[in-house]
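Enquirer: I'd like to go over a predicted model; first the sequence, then the structure.
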Amino acid sequence: MLDNLTQRLAKVVKTMRGEARLTEANTAEMLREVRLALLEADVALPAVREFIANVKQKALGEEVIASLTPGQALVGVVQRELASLMGADLGPEASQLSFAQQPPAIILMAGLQGAGKTTTVGKLAKYLREQKKKKVLTVSADVYRPAAIAQLKSVTEQVGADFFPSLATDKPVDIALAALDYAKRHFHDVLIIDTAGRLGIDEAMMQEISAVHAAVKPIETLFVVDAMLGQDAINTAKAFSDALPLTGIVLTKLDGDARGGAALSVRHITGKPIKFAGVAEKLDGLEAFDATRMASRILG
Ligand code: GDP
């Protein structure tokens, strides 16, 4: 069992009462514990390094108010810095979706196979219909797995949105353009385009999704990533972020046990806001992302 960070730091904190400033010496041991906690939460190493360097820079020389020990002061710096990296300072607008001035607003979903894209399309369609009163059309540009098209049809019907059928023999770009044309003619407010994901990153997949992006110019390009993804999160995020101008992230499967270090790795690479969290398989399992709660979860 892993010690939780606060307990871990408490052990170190006891040895540090009565010091008035955070110094290199009195923080080194605690920063080692923070580093370990982040690695155990599966935050990728480059993101851990950057985080520790930032905390150190913010903490050193900081005066410790009389009621706190240096340890408590450092825990405060760690928590604030992590919440801020998770997006706590971005303000509530950061997690809002943008809608085009001229409907339909197009949302393009990107991510590896199994990340939760199709499920998230259903959840978003439900949210947009019920909370934002939008008329929503979905389409699948996944021509490789006929089951993927059927799955999207099923989740779309479950939430009462409209589904644009695509043929596995069509090209993804043509499918996206045909759906856009249909959405315009039928006055949909939002068109959500689900795309093929591969099990690993693959050049052809990246070119294909870039071509879809170039053809329809979505206002939102959301990178869907599984919170249980470990060290690989950083490479996956880099590949998608290099191929596409992402506008936000959806972190899925937060109902699992993973501490969710992937969130920090993905923020480190993309700098884009995490807009939503998937918290259940069911189609009502979508929440606005809570940066402060995520920071506590990663710290354990
Ligand atoms: P895609 O290949 O990216 O389209 O992924 P799917 O939408 O098919 O999801 C893959 C699996 O993850 C399915 O079994 C989903 O039910 C499950 N899933 C997706 N999002 C969540 C979530 O937030 N929580 C849980 N527990 N399961 C999820």
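Expert: Perfect, thanks for sending it. Residues are numbered from 1 along each chain as shown.

Enquirer: Tell me what the residue in the chain that the ligand sits nearest to is bridged to.
Expert: Residue nearest to the ligand within the chain (Cβ to the nearest ligand atom): residue 278, separated by 2.6 Å. C-beta: built from backbone N, CA, C; applies to glycine. Beta-bridge pairing for residue 278 (DSSP bridges): residue 286.

Enquirer: Near the ligand, which residues of the chain? Just list them.
Expert: When proximity is defined as Cβ under 6 Å from any ligand atom, the chain approaches the ligand at 111, 113-119, 197, 252-253, 255, 278-281, 285.

Enquirer: Only the buried residues of stretch 245-260, if you could.
Expert: Applying a neighbour-count criterion of 16 or more other Cβ atoms under 10 Å, one finds 246-254, 258-260 buried in stretch 245-260.

Enquirer: Determine which two of the residues you listed are furthest apart.
Expert: Spatially, the most separated pair among the buried residues of stretch 245-260 is 247 and 259, at 26.0 Å (Cβ to Cβ).

Enquirer: Verify the contact between residue 141 and residue 177 for me.
Expert: No: the criterion here is Cβ atoms under 8 Å, and residue 141 misses it with residue 177 at 10.3 Å.

Enquirer: Setting aside sequence neighbours, what's the nearest residue to residue 124?
Expert: The shortest distance from residue 124 to any residue other than its chain neighbours is 6.1 Å, reached at residue 192 (Cβ to Cβ, 6 or more residues apart in numbering).

Enquirer: Same question for residue 207.
Expert: Residue nearest to residue 207 in three dimensions, not counting chain neighbours: residue 243, with 7.9 Å by Cβ to Cβ, 6+ apart.

Enquirer: Tell me who's in contact with that neighbour.
Expert: By Cβ atoms under 8 Å, 6 or more residues apart in numbering, the contact list for residue 243 reads 206-207, 209-210.

Enquirer: out of the residues you listed, which is most surrounded?
Expert: Counting neighbours by other Cβ atoms under 10 Å, residue 209 leads the contacts of residue 243 with 24 neighbours.

Enquirer: any idea how far the helix or strand hosting that one is from the chain center?
Expert: If you go by DSSP states H and E, residue 209 is part of helix 203-216. Averaging C-alpha positions (Cα atoms, centre = their mean, to the nearest Å) puts helix 203-216 21 Å from its chain's average.

Enquirer: outside of that helix, which residues touch it?
Expert: For helix 203-216, contacts defined as Cβ under 8 Å, 6+ apart pick out 106, 108, 110, 141, 172-173, 176-177, 180, 193, 195-198, 221, 239-240, 243-245.

Enquirer: circling back to that earlier point, and residue 141 and residue 177? Which one has more around it.
Expert: For residue 141 versus residue 177, the count of surrounding residues by other Cβ under 10 Å is larger for residue 141: 26 against 14.

Enquirer: The more buried one: what's it in contact with?
Expert: Contacts were defined as Cβ under 8 Å, 6+ apart; by that measure residue 141 touches 166, 172, 175-176, 193-196, 212.

Enquirer: Could I get the phi/psi values of it?
Expert: Backbone torsions of residue 141, given as degrees, to the nearest 10, read phi -100, psi 20.

Enquirer: now residue 187
Expert: The main-chain torsion angles of residue 187 are listed as degrees, to the nearest 10 and equal phi 60, psi 40.

Enquirer: That one and residue 102: what is the separation?
Expert: Note on residue 187: its distance to residue 102, by Cβ to Cβ, to the nearest Å, is 12 Å.

Enquirer: Between those two, point out the one with more neighbours.
Expert: Residue environment comparison for residue 187 versus residue 102 gives the larger neighbour count to residue 187, 10 against 7, counting by other Cβ under 10 Å.

Enquirer: which residues touch the more buried one?
Expert: Counting by Cβ under 8 Å, 6+ apart, the residues that residue 187 touches are 103, 135.

Enquirer: Quick check: it vs residue 128, distance?
Expert: Using Cβ to Cβ, one gets 15 Å for the distance from residue 187 to residue 128.

Enquirer: Likewise for residue 165?
Expert: Distance check for residue 165 against residue 128: by Cβ to Cβ, it reads 20 Å.

Enquirer: What strand or helix carries residue 281?
Expert: Assigned by DSSP H and E, residue 281 falls within no helix or strand.

Enquirer: Check it and give its pLDDT.
Expert: Per-residue confidence at residue 281 stands at 97 (pLDDT).

Enquirer: Could you list which residues are in contact with the nearest residue to it once chain neighbours are set aside?
Expert: In space, not counting the residues next to it along the chain, residue 281 is nearest to residue 119; the distance is 6.8 Å by Cβ to Cβ, 6+ apart. Applying Cβ under 8 Å, 6+ apart to residue 119 gives the contacts 155, 252, 278, 281, 283.
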